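Student: Just the structure for this:
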Amino acid sequence: MISLEGKKAPAFRLEGSDGKMHSLSDYAGRTVVVYFYPKDNTPGCTKESCSFRDLNADIRKLGAVVLGVSRDNLNSHDKFITDHGLNFTLLSDPDLKMMKAYGAWGMKTMYGKDVEGTIRSTVVIGPDGRILKHWRTVKDAAEHPEQVVAHLKSL
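Tutor: I've put the predicted structure just below:
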């Protein structure tokens, strides 16, 4: 997968866990952190989401908003939010349109086998709609949100 850094962020329109439709244009003039994760309430995804939860106040102070994206439905997102006290919106991408546009869906290796699925990745979209940072593959889900905060501080 190629880096999206410096490119215009692909437009999206997805339903959120807050009951609203979310589009990239809704966030014009703001910095947006979008992290793509495979599945609600699984170990790695829970660690990553809880780390974003714990750092969300810092992220907001830095003028950014966090959005989590998976193909899970809104009922699954609601349970995930309730189970772990998540304090940001999760978007549902059942048709994989956003994930494919951002390179977060494709071939990956799981347990030594090549499979098609969600590629754990993150983008930081700047106020002008351009991608400032693209982590194409997140290796350590629990520690990754700290990398995001460090990057936001460097802006």
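Student: In the chain, what helix or strand scores lowest on average pLDDT?
Tutor: Here the helix or strand of the chain ranked lowest by mean pLDDT, DSSP states H and E is strand 105-110, holding a mean of 88.
Student: List the buried residues of it.
Tutor: By 16 or more other CB atoms under 10 Å, the buried positions in strand 105-110 come out as 105, 108. C-betas here are computed from N, CA, C, even on glycine.
Student: now do stretch 144-155
Tutor: 144-145, 148-149, 151-152.
Student: coming back round to it: parallel or antiparallel, list what pairs with the least confident helix or strand of the chain.
Tutor: Its sheet considered, strand 105-110 pairs with strand 113-118 (antiparallel) by DSSP bridges.
Student: And the next helix or strand past the strand it pairs with?
Tutor: Under the assignment DSSP states H and E, the closest C-terminal helix or strand after strand 113-118 is strand 121-125.
Student: what's that following strand packed up against?
Tutor: Here strand 121-125 touches strand 31-36, strand 131-135, helix 144-154, going by 3 or more CB pairs under 8 Å, 6 or more residues apart in numbering; DSSP states H and E.
Student: what about it, distance to the chain center?
Tutor: How far strand 121-125 lies from its chain's middle: 7 Å, per CA atoms, centre = their mean, to the nearest Å.
Student: Need the residues that contact that strand.
Tutor: 4, 9, 24, 27, 31-36, 64, 102-104, 131-138, 144, 148, 151-152 (CB atoms under 8 Å, 6 or more residues apart in numbering).
Student: low pLDDT regions in this protein?
Tutor: 1 (pLDDT under 70).
Student: Can you name the residues that contact the residue nearest to the spatial centre of the chain?
Tutor: With distances taken as CA atoms, centre = their mean, residue 35 lies nearest the centre of the chain, 1.4 Å away. By CB under 8 Å, 6+ apart, residue 35 lies in contact with 48, 52, 66-69, 120-122, 138, 144, 148.
Student: how close does it get to residue 96?
Tutor: 16 Å (CB to CB, to the nearest Å).
Student: I'd like to know which of the helices and strands packed on strand 121-125 lies nearest to residue 85.
Tutor: helix 144-154 (15.1 Å; CB to CB).
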